[in-house]
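K.L.:
sequence and predicted structure below; questions after.
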Amino acid sequence: MKKIVHLFFAIFWITSQGFSQNSDEADRLIGVWEPSHGKARVKIEKIGEKYYGKIVWLREPIDPVTNQPKVDKNNPDESMRQVPLRGYRILKDFSYSGKDEWTDGTIYDPENGNTYSCVIKMRDENTLDIRGFIGVKALGRTDVWTRVAVKKKE
């Protein structure tokens, strides 16, 4: 009986270590990232078991026409067109699928108001390939995002 109990705890410990490593590996996505156009920065965070990203910085945060903070003026939902872009969640519902890839999420493009299926692939600790697509992944477009070094408050 003792052998069975020890075996049970050994199996439990080994599997929990595997989940912990997988979670640590997946959480490497967390941070602030800048798309190649350099117009914005997106903070990716984990909520529950999924990953989300919101705009936390804009190069030009004020709309030159209205002299107010930029809003989601291209959103197909009219009720969302007055929502400020800063703080807007553009990456949603990503799950870590292993091998440095997060899948099953979407990316919203505030420049045209479209939402695309999306896959995130980590090239290295500071570089992401963000691929947005409609239907077939092969027919999408990839943008390269770079991790932003965030200064810690003292």
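P.N.:
Right, received. Where do you want to start? Not measured: the values here are computed from a predicted model. Residues are numbered from 1 along each chain as shown.

K.L.:
show me what the host helix or strand of residue 145 is packed against.
P.N.:
When elements are assigned from DSSP states H and E, residue 145 belongs to strand 141-147. Using 3 or more CB pairs under 8 Å, 6 or more residues apart in numbering; DSSP states H and E as the contact criterion, the neighbours of strand 141-147 among helices and strands are strand 31-34, strand 127-133. In this view, the C-beta of every residue, glycine as well, is placed from N, C-alpha and C.

K.L.:
so where do the helices sit in this structure?
P.N.:
Taking DSSP state H, the helices of the chain run over residues 2-26.

K.L.:
residue ranges with poor pLDDT in it?
P.N.:
In the prediction, the chain carries residues with pLDDT under 70 at positions 1-22, 150-154.

K.L.:
what's near enough to touch the closest residue to residue 133 other than its chain neighbours?
P.N.:
Leaving aside its chain neighbours, residue 133 sits nearest to residue 140 (2.7 Å; criterion: CB to CB, 6 or more residues apart in numbering). The neighbourhood of residue 140, defined by CB atoms under 8 Å, 6 or more residues apart in numbering, consists of 116, 117, 131, 132, 133, 134.

K.L.:
now the terminal residues of stretch 120-134, how far apart.
P.N.:
End-to-end span of stretch 120-134 (CA to CA, to the nearest Å): 15 Å.

K.L.:
tell me the contacts of the residue lying closest to residue 95 once chain neighbours are set aside?
P.N.:
Here the nearest residue to residue 95 in space, its sequence neighbours aside, is residue 104; by CB to CB, 6+ apart that works out to 5.1 Å. Under the criterion of CB under 8 Å, 6+ apart, the contact partners of residue 104 comprise 93, 94, 95, 97.
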